[in-house]
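Chemist: here is a sequence together with a model predicted from it:
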Amino acid sequence: MVISGGRIVDGSGKPAYAGDIGVRGGWIARIAPAGALKGATATTRIDATGLVVAPGFVDVHSHSLEESFKTPNRLNEGVVRMGVTTIVGGPDGYFAPFHMRMILDSLRQHGSGTNVAMYIGHNGVREAVMGHAQRAPTADELAKMKAMVREGMELGAVGLSTGLMYDPGMYATTDEVVELAKEVAPFRGIYDSHVRDPGHHLIESDRETIEIGERAGISPKIAHEKVVGLENAGLLEKVIGLVNAARGRGVNAVTDQYPYDGAATAHVEDLVVVPDDMAKRPGFDVRAALKDRAQRALLKVASENGVNGGFAWLKATGYSQMRITTSDDEPALVGQYLSELAKARKVDPFDLVADLILTPKHAVGITLGAVREVDVRGLLVQPWNMVASDGAYVDSTEGTRGHPRSAGTFPRVLGRYVREQHVLTLEDAVRKMTSFPADFVGLHDRGRVQEGLAADLTIFDAKTIIDRSTWSAPSRMATGVVHVLVGGVAVMRNGAMTGAAPGRFLAARQ
């Protein structure tokens, strides 16, 4: 294959240049001056005139794998349309070795629209050994968990991920995680963490992530870093100082970020936690329970504190971090924090939640962690911060649930923050999506347009690329990506999916 006429942004951060690319057997065989391959023999030619030719984007924090490994979804179209050619699945501690094996089997049999790498997960391992026990492991249990982490690394995982905000990871001590992270060190893997308490103890939680990596002798990554909520305003500078201090003493601490001013999304009714004994009552209906004063009081306790110390969103984040994103019945509510709205209406915050469930005809959408735009931009420019989606699987079915990051992250950076706002240069933005994440997780044959590396390439129109997903239409796919190659095979040509599934498992090679 010959790709000619394009402007090559090679992923290194160096200035773009005009050139031709020759691909053979899935690898970049030659990079030549513009026009030099005009007479070369080729079975396929792509005219990239007026387009940017870049390495395929590497999404190092993706939840799309949970669905895309299933045969009907294997092309992972929403991700491909963002220009992504490799996803790293299993963040937030989800995958035990059996999850990895199941996905590996599916990839071998059916292929994928993208390449796949994976983390071995603390939550998955802990649950497999200890269930949801709210205590430290015994020596035998810890040994079993360590063996499972080693198994995951032997299968080719890029490192250990944790979800310390979630059950059962939330019951683990720092020391427990350090002992498991040490099993990653001989493989030169990395540590990736959804930190313990980003809403109420952001700096302490970020510091714990860096400490775990430092004590284990591996590089730590703070996943989907953001400063959420009203009470955390101004803390970004402390986050930047914390990371810079760690790097100054030789710790390769980094972050990743999705470019949106809100974290995970939900409908207001998702905030209500129903205790098992109440849910099992014949004919139980949560809306009816909220109308009953006594039952509402019980639901308030469970929703704000969790059941038996377990996870609950109102406990993990709180009313002052939740902002309304969609409200068909009362559009004026969009942009308001639940805490401020409750104060304005002079009602208890949980009573406000109940009212927002019972009164409107249409569900009210919220982000569970609102972020200030100034902080989105302030983090995006940090040299040690990479771009990742934290996105789920999306297809052409538009719904009201989900987060726009799943379909829009990478085009949003290139369209909004490069072309429109000039927050980043094109070359630096591509670096944050390609060579930087690929090198960090040990996928050293990806992430650059370079002779001898894999022909994972994304060809896009820098003048038009943009996200189209919104809070109200989170599955609306991005535009501007024209061609996508995975291992030299086109999975998208001229904006249309080809049906090819050449993606394979990529074992980390640190």
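Modeler: The structure has been received and is ready for your questions.

Chemist: for the rest of this, base every contact and every neighbour count on C-alpha atoms.
Modeler: Fine.

Chemist: from the chain's centroid, how far away is stretch 48-66?
Modeler: 14 Å (CA atoms, centre = their mean, to the nearest Å).

Chemist: now do the end-to-end distance for it.
Modeler: One end of stretch 48-66 sits 34 Å from the other (CA to CA, to the nearest Å).

Chemist: and if you look at stretch 326-340?
Modeler: Span of stretch 326-340 from end to end, CA to CA: 16 Å.

Chemist: do the same with stretch 395-414
Modeler: End-to-end distance (CA to CA), stretch 395-414: 21 Å.

Chemist: distance from that stretch to the middle of the chain?
Modeler: 12 Å.

Chemist: same deal with stretch 449-458?
Modeler: Worked out by CA atoms, centre = their mean, stretch 449-458 lies 24 Å from the chain centre.

Chemist: same deal with stretch 225-243?
Modeler: Taking mean C-alpha positions (CA atoms, centre = their mean), stretch 225-243 and its chain are 19 Å apart.

Chemist: next one: stretch 249-261
Modeler: Taking CA atoms, centre = their mean, one finds stretch 249-261 lying 12 Å from the centre of the chain it belongs to.

Chemist: could you do stretch 183-195 as well?
Modeler: With CA atoms, centre = their mean, you get 17 Å for stretch 183-195.

Chemist: return the helix or strand in this protein with minimum mean pLDDT.
Modeler: Using mean pLDDT, DSSP states H and E, the weakest-scoring helix or strand in the chain turns out to be helix 276-279, at a mean of 91.

Chemist: which SSE is immediately downstream of that one?
Modeler: helix 286-291 (DSSP states H and E).

Chemist: okay, that following helix in CSV with CA atoms only?
Modeler: Output of helix 286-291 as CSV, limited to C-alpha atoms (Å, rounded to 0.1, in the frame of the first residue of the first chain):
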residue,chain,number,x,y,z
VAL,A,286,-39.0,3.0,44.4
ARG,A,287,-41.2,5.9,43.3
ALA,A,288,-43.9,4.8,45.7
ALA,A,289,-41.3,4.4,48.4
LEU,A,290,-40.1,8.0,47.8
LYS,A,291,-43.6,9.3,48.3
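
Chemist: let the chain start at 316 from now.
Modeler: Sure, I'll start counting at 316 from here, so that last one is helix 601-606.

Chemist: gap between that helix and the chain center?
Modeler: For helix 601-606, the distance to the chain centre is 35 Å (CA atoms, centre = their mean).

Chemist: list the buried residues in that helix.
Modeler: V601, A604, L605 (16 or more other CA atoms under 10 Å).

Chemist: stretch 409-421 now?
Modeler: Quick answer for stretch 409-421 (16+ other CA under 10 Å): Y409, F410, A411, P412, H414, M415, I418, L419.

Chemist: check what pLDDT the first one gets.
Modeler: Predicted confidence (pLDDT) for Y409: 94.

Chemist: wait, doesn't it sit right on N438?
Modeler: Yes: Y409 is within contact range of N438, at 5.6 Å (criterion: CA atoms under 8 Å).

Chemist: and the residue nearest the centre of the chain, what element?
Modeler: The centre of the chain sits closest to D705, judged by CA atoms, centre = their mean, with a distance of 1.6 Å. Secondary structure assignment for D705, by DSSP H and E: no helix or strand.

Chemist: end-to-end on stretch 332-346?
Modeler: For stretch 332-346, the end-to-end distance is 11 Å (CA to CA).

Chemist: can you count the residues close to G426?
Modeler: 22 (other CA atoms under 10 Å).

Chemist: spatially, what comes nearest to it if we skip its sequence neighbours?
Modeler: A816 (5.1 Å; CA to CA, 6 or more residues apart in numbering).

Chemist: packing partners of the one helix or strand D690 maps to?
Modeler: If you go by DSSP H and E, D690 is part of helix 688-695. Helix 688-695 sits against helix 551-563, with contacts defined as 3 or more CA pairs under 8 Å, 6 or more residues apart in numbering; DSSP states H and E.

Chemist: what is the helix it packs on packed up against?
Modeler: helix 517-531, helix 688-695.

Chemist: spit out the contact partners of G528.
Modeler: Residues near G528 by CA atoms under 8 Å, 6 or more residues apart in numbering: V493, A496, I505, Y506, S534, P535.

Chemist: most neighbours of all the residues you listed, which one?
Modeler: Y506 (32 neighbours).

Chemist: check what pLDDT that residue gets.
Modeler: Looking at Y506, its pLDDT is 98.
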